[in-house]
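Undergrad: fold the following for me, if possible:
(2 chains)
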Amino acid sequence: MRGDRIFGLVMMIVALGYILSATTIRTSFMSDPVGPRIFPYLIGGVTMLCAFAMMLKPDPDVEWPIGKTLLNLGIALVAMFAYAMLVKPLGFILPTIIVSGILSYQINPKPQLAVATGLGLGVGLYVMFKFILGLSLKGLPPALMG
Amino acid sequence: MDLLNNLALGFSIALSPYTLVLAVIGCFVGTIIGALPGLGPSNGVALLIPISFSMGFDAISALVLLTSVYYGAMYGGRISSILLNIPGDEPAMMTTLDGYPMAKQGKAGDALVVSGVASFVGAFLATVGLMLMAPWLARVAFKFGPAEYFALYMLAFCTLGGVGSNNQAKSAMAACIGLGIAMIGLDKTTNMQRFTFGNLHLFDGIDFLVAIVGLFAVSEVFHFIETHGKNSAIGVKLGKVLIPWKMLNDTKGAMLRGSGIGFLAGILPGAGASLGSFLAYMGEKSISNDKASFGKGNPRGVAAPEAGNNAAAGGALIPMLTLGVPGSGTTAVLLALLLTLNITPGPLLFTERPDVVWSLIAALLIANVMLLIMNVPMVKVFVKILSVPSYILLPGVTMIAFVGIYSLTGSSFDMMLMVGFGVLGYVCRKIDIPTVPIILGILLGNAMEDNLRRAMILSDGDWTYLFSSPIAIGFWIAAVLGFLAPIFLRQFVKKPPLPTTDED
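TA: All right, here's what the predicted structure looks like:
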């Protein structure tokens, strides 16, 4: 119940913002009868309709993660965002060891296994991508390599 | 014979040693991907597109490799259905109904062989059907104008939403999310920015591969963290695998019927393999004179859905190749592959790039035979791989997803976007919003708008033009029916519950 209502409300606001943003799309002098705004308006309109339907007639609620599970999900999310930022300056191997270790720990909280998984994936995937599949990956921090 | 000439052309390209090796690798990797719980044909192929693209394969090699993965994953899905009672992918769900009970009765080997052969029969017949029907449909599709295409896209979204999900509003919303994302970037007609908010990264729009990998692969990690990778231990022992000739003979009718039903379900735009296996199972059960044994380990209940699911996978390629409208999540991913390779599916593909079409078809036939050979005697190898624990598998999948997107775009922004789509995929899965319409929306959004605008140029702004031809009207009616009919049908046809694991 609550999940659907909240999502519906969020989508309602997003769709409203979408339509408002679409009103600012500039048209050029050589436009077609429809122009670049109508289709986004249609999409926004249908989204609002669906969001309304979701809020009006929500499905039975599912169990949402709370407490520790939610924290774990949050940690995984932060780790992945950090990975996206760090893989360029730090090279492939180091961030991969750390982040896959973290993810592994979140799924199965055994430190030794997580460390082993991180090391194995960091080195193993690097060897696979770099030497077997021939992708151009920087393994170590480019700054260190000069 | 036109058909034989074309087929000869296809085989002459696809039978080179290099492509054959690629097909073997593709089939092997595909079966593993299909068998691993949490990885199915859609996310498997999605993961591999950016990687094979950065490896610099030419169009035909990439196509052969990834369609082998696709077919392989369709075969592999049954392994975890039967042994673990966890469908490796959604279409394999019906196989658990009788496959797992068979495995518990000590007939795991038999179930695997029967389902392997059924997969072969279904996929083979569907590929033959594809050869016969696709060129014909491509000729019909030449008559389609922008109004017909617009109606066709509507039909795809409506049937996908109606048939494939439990809540119409949610699937329509999913389609809108996808379409809305597709609008981001420069408008092709006027060259004006839309929804870029001045962000340079968004000028070219959001790469559909980023969205696909995020929604299909990264979201799995969140799901597994939440469930702590439960349900991933091997459920039943697999003894010696022998070929049960008698059982194969008993189930051949079920296989043929399942193939037929599955193929038809696959052709419908938006319906896809899940519907194919569902209808094949229900159909087989309803004509059987021994209904009570279904769900308790009837080999026919394994053969029919497995043939149906693989036949639907082949059938779904028809609308994808001839019209550019995918019928399922996996064919949506394959459409993404074609677009990445700069191949535009549609009627023109058959006349302009016959080499691509027919080498693809030849590759499907080759892959099928290889998969049969791999899957019957070598099934034990795959079962070994199945026991990779999820705490290694899922981090590995995530890292492969990152590497794929990174080597494709080289941008941190795209990787973060991918993680964002992962979160969206997780939330959608939680509240039962299907993710396939999102992908379809992103893939088809620009073409859909383009056709609408061209239709309006042709008619000078007269909206009734969209309903002006009989074909278009037919599509619109089918779209409305496909969207609304399941609401009523749902009361009569209930999905049978999965067999429970915790009996002992």
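
Undergrad: please name the nearest non-neighbouring residue to residue B:347.
TA: Leaving out its chain neighbours, the residue that sits closest to residue B:347 by CB to CB, 6 or more residues apart in numbering or on different chains is residue B:141, at 4.0 Å. Every C-beta, even on glycine, is put in place using the N, C-alpha and C of the backbone.

Undergrad: residues in contact with the one you found?
TA: Each residue near residue B:141 by CB atoms under 8 Å, 6 or more residues apart in numbering or on different chains is listed here: B:322, B:323, B:346, B:347.

Undergrad: tell me where the stretch 101-250 of chain B has helices.
TA: Taking DSSP state H, counting those that start in this stretch as the criterion, the stretch 101-250 of chain B contains helices spanning B:108-141, B:146-164, B:168-182, B:208-213, B:219-227, B:245-250.

Undergrad: now render the ones you listed as JSON lines, adding mean pLDDT.
TA: Converted to JSON lines, these look like this (pLDDT from 0 to 100):
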{"stretch": "helix B:108-141", "mean pLDDT": "88"}
{"stretch": "helix B:146-164", "mean pLDDT": "84"}
{"stretch": "helix B:168-182", "mean pLDDT": "91"}
{"stretch": "helix B:208-213", "mean pLDDT": "90"}
{"stretch": "helix B:219-227", "mean pLDDT": "86"}
{"stretch": "helix B:245-250", "mean pLDDT": "80"}
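
Undergrad: so for residue B:341, which of these sits nearest?
TA: When the helices of the stretch 101-250 of chain B are ranked by distance to residue B:341, counting by CB to CB, first place goes to helix B:208-213 at 11.9 Å.

Undergrad: for the closest one, C-alpha coordinates in PDB please.
TA: Taking Å, rounded to 0.1, in the frame of the first residue of the first chain, the C-alpha atoms of helix B:208-213 are listed here in PDB:
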ATOM      1  CA  PHE B 208      20.500   2.500 -23.700                       C
ATOM      2  CA  LEU B 209      23.300   0.100 -22.800                       C
ATOM      3  CA  VAL B 210      23.900   2.000 -19.600                       C
ATOM      4  CA  ALA B 211      20.300   1.700 -18.700                       C
ATOM      5  CA  ILE B 212      20.000  -2.000 -19.700                       C
ATOM      6  CA  VAL B 213      23.100  -3.100 -17.700                       C
END
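
Undergrad: so residue B:269 belongs to a strand, correct?
TA: No - the assignment for residue B:269 (DSSP: H, G, I helix; E, B strand; the rest coil) gives coil, which keeps it out of a strand.

Undergrad: distance of the residue lying closest to it once chain neighbours are set aside from chain A?
TA: The shortest distance from residue B:269 to any non-neighbouring residue, by CB to CB, 6+ apart, is to residue B:156 (4.2 Å). The gap separating residue B:156 from chain A is 15 Å, by CB to the nearest CB, to the nearest Å.

Undergrad: just residue B:387 next, same as before
TA: Computed with CB to the nearest CB, the distance linking residue B:387 and chain A is 14 Å.

Undergrad: count of neighbours near that residue?
TA: By the criterion of other CB atoms under 10 Å in any protein chain shown, residue B:387 has 11 neighbours.

Undergrad: how is chain A carved up into domains?
TA: Domain segmentation of chain A under automatic domain parsing yields A:2-56, A:67-145.

Undergrad: so where's the chain uncertain?
TA: No chain in the question, so chain A it is. For chain A, the stretches flagged by pLDDT under 70 are A:1, A:28-31, A:142-146.

Undergrad: wait, chain B was what I had in mind.
TA: For chain B, the stretches flagged by pLDDT under 70 are B:1, B:38, B:87-90, B:163-165, B:229-240, B:270-272, B:490-504.

Undergrad: any idea which residue is closest to the centre of it?
TA: In chain B, the residue lying closest to the centroid (CA atoms, centre = their mean) is residue B:330, at 2.3 Å.

Undergrad: who are the packing partners of the one helix or strand that residue maps to?
TA: For residue B:330, the enclosing helix or strand under DSSP states H and E is helix B:329-340. When contacts are defined as 3 or more CB pairs under 8 Å, 6 or more residues apart in numbering or on different chains; DSSP states H and E, helix B:329-340 packs onto helix B:41-54, helix B:59-84, helix B:208-213, helix B:272-287, helix B:317-323, helix B:436-459.

Undergrad: what residues does it touch?
TA: Outside helix B:329-340, the residues within contact range by CB under 8 Å, 6+ apart are B:40-42, B:45-46, B:49, B:53, B:62-63, B:66-67, B:70, B:73, B:90, B:208-209, B:212, B:216, B:272-273, B:313, B:316-317, B:319-320, B:324, B:326, B:344-345, B:435-436, B:439-440, B:443.

Undergrad: in it, what counts as buried?
TA: Residues of helix B:329-340 classed as buried: B:329, B:330, B:331, B:332, B:333, B:334, B:335, B:336, B:337, B:338, B:340 (neighbour count, 16 or more other CB atoms under 10 Å in any protein chain shown).

Undergrad: look up how far chain A lies from the residue located most distally from the centre of chain B.
TA: Computed with CA atoms, centre = their mean, the maximum C-alpha offset from the centroid of chain B is found at residue B:460, amounting to 38.5 Å. Between residue B:460 and chain A the distance is 6 Å, computed by CB to the nearest CB.

Undergrad: which ones are touching that residue?
TA: Applying CB under 8 Å, 6+ apart, one finds that residue B:460 lies in contact with residue A:33.

Undergrad: how much space between it and residue A:36?
TA: Here the distance between residue B:460 and residue A:36 works out to 18 Å (CB to CB, to the nearest Å).

Undergrad: same question for residue B:49.
TA: From residue B:49 across to residue A:36, the span is 29 Å (CB to CB).

Undergrad: now residue A:73
TA: 38 Å.

Undergrad: neighbour-wise, which of the two wins?
TA: When residue A:73 and residue A:36 are compared on other CB under 10 Å, the one with more neighbours turns out to be residue A:36, at 25 against 19.
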